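Student: All I have is the shape, not the residue letters:
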């Protein structure tokens, strides 16, 4: 950067010296007139620009004010519309309520339709309660099923108890049959009569006191007991056969399960052997690839070393040649740099001389131009002030005329709008009060019905609480 800046200054200075040699030392009258014309033209351009900027600013402010007024009018109109829409919605809701109340009165006057409507409504009500009732019914059913299962279990227990009782009786009868005659005589007559047997009758233990009917009954009881024994023996044989068949089925199932398990084990073993074989092959392939990669790495390293040595030898030769070339280049560069510095020193001396001369010439020229410009500037200011005053007067006159026309038109429009709005408001108020007057009988009837209901409830409450004082609502 230090080497470049002086060169740039030097070039500029040289050009300026050439200009200085071409310019004359003194200005003539024609030159002064030309300068005055140039300056007046420039000042006129500046004043025109200022006036145009002021015009634009004023017009922009007027347009902005007009837009704001328009927005305010629109907002007021929208507010008025919203209020009217709210009132219309309120009137519509009142009409709907009136229609509903009239429909209710008509329905209550027709009890058949009212009952049908109530039935339809109650079909879709209390859905949650119906679901709860269904859940409760299902719970009750489950409880009943549980109770039945418990009863069946108790019945099975009762059957088992009965079977054990019959077995005990049979055991007792067997014991009594095997007892001696002396022991049997000591047993009660009822037990002896119940457990008497044919063998005892054959032995001749008979009582002449026992009647024939009792002996026949005992004989029948013995026959029945024998039949029961035969039936029980058959049942035992059937149960034993069923049990054997069940055990045989269980054994067959166990043998089938064992065979299936053996087959699965064999398949798993075969699969495992195949998997182990595959893993061994993979291991061998991996070892082989590792050996091949190791050989390839050794070969690559050997070749890389050879190539690096060749490249290194080439780089050493190139470095030697570059060192010699750089030495020669450095010497040449040093000589060129010294010559450039000497040249720059001379150019700087010449530039300083030329610069001082140019500064002196510029000072004198600026002094003359400043005095001439000052005269022209004072004249231009006076002309500009006169022009601005005339322009503002004309502009104010025009703006006042426009404003007067605009205000007159706006006043006329506002009067028309106010008259139309008043007519619309009066019509709307008349319509509103007409509808209220029309709905007055229905409202009075509803109020009377409410008062009758309140009176009935108060009479009922006074029957229970005679000291009760109702609260009277005087809000309306």
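Tutor: Structure's in. What do you need? As the structure is a prediction and not an experimental result, all values here were calculated from the model.
Student: where along this structure do the helices fall?
Tutor: Listed in chain order, the helices of the chain (DSSP state H) span 4-22, 29-109, 111-124, 127-178, 181-186, 189-194, 198-203, 212-438, 440-464.
Student: Including mean pLDDT, distance to residue 470 and mean neighbour count, could the ones you listed go into TSV?
Tutor: For the C-beta atoms, the positions are set from N, CA and C on the backbone; glycine is no exception. Shown next, in TSV, are the helices of the chain (pLDDT from 0 to 100; distance: least, Cβ to Cβ, whole Å; neighbours: other Cβ atoms under 10 Å):
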stretch	mean pLDDT	distance to residue 470	mean neighbour count
helix 4-22	36	107	13
helix 29-109	67	25	11
helix 111-124	52	31	10
helix 127-178	74	35	11
helix 181-186	56	97	10
helix 189-194	44	87	13
helix 198-203	43	101	12
helix 212-438	86	29	11
helix 440-464	88	6	11
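Student: Please list all residues in contact with residue 65.
Tutor: Applying Cβ atoms under 8 Å, 6 or more residues apart in numbering to residue 65 gives no contacts.
Student: Please report how far it lies from residue 72.
Tutor: The gap separating residue 65 from residue 72 is 11 Å, by Cβ to Cβ, to the nearest Å.
Student: ditto for residue 401
Tutor: Where residue 72 is concerned, residue 401 sits at a distance of 25 Å (Cβ to Cβ).
Student: Next up, phi/psi of residue 465, please.
Tutor: Per-residue torsions, residue 465: phi -120, psi 100 (degrees, to the nearest 10).
Student: Same question for residue 468.
Tutor: According to degrees, to the nearest 10, residue 468 has phi -70, psi 130.
Student: Quick one: neighbours of it, just the number.
Tutor: Residues within reach of residue 468, counting by other Cβ atoms under 10 Å, total 10.
Student: Spit out the contact partners of it.
Tutor: 458, 461, 462.
Student: try 6 Å this time
Tutor: residue 461 (Cβ atoms under 6 Å, 6 or more residues apart in numbering).
Student: From residue 451, how far off is it?
Tutor: Counting by Cβ to Cβ - residue 468 and residue 451 are separated by 17 Å.
Student: now residue 217
Tutor: Relative to residue 451, and taking Cβ to Cβ, residue 217 is found at 93 Å.
Student: same question, residue 311
Tutor: The value you get for residue 311 to residue 451, if Cβ to Cβ is used, is 118 Å.
Student: same deal with residue 97?
Tutor: 19 Å.
Student: Residue 377 now?
Tutor: 97 Å.
Student: cool, residue 93 as well?
Tutor: 24 Å.
Student: what are the phi and psi values for residue 466?
Tutor: According to degrees, to the nearest 10, residue 466 has phi -70, psi -20.
Student: ok, how many other residues are close to it?
Tutor: Residue 466, neighbours per other Cβ under 10 Å, totals 7.
Student: Check it and give its pLDDT.
Tutor: The score at residue 466 is 78. That number is its pLDDT.
Student: separation between it and residue 349?
Tutor: Counting by Cβ to Cβ, the gap from residue 466 to residue 349 is 133 Å.
Student: How about residue 394?
Tutor: 64 Å.
Student: before we move on, what about residue 362?
Tutor: Residue 362 is 21 Å from residue 349, by Cβ to Cβ.
Student: same question, residue 408
Tutor: 82 Å.
Student: do the same with residue 336
Tutor: Counting by Cβ to Cβ - residue 336 and residue 349 are separated by 21 Å.
Student: same deal with residue 59?
Tutor: Taking Cβ to Cβ, one finds residue 59 at 62 Å from residue 349.
Student: so what's residue 368 up against?
Tutor: Residue 368 neighbours (Cβ under 6 Å, 6+ apart): none.
Student: please begin residue numbering at 174 from this point
Tutor: Sounds good: first residue 174 from here, last item residue 541.
Student: For it, give its distance to residue 548.
Tutor: 12 Å.
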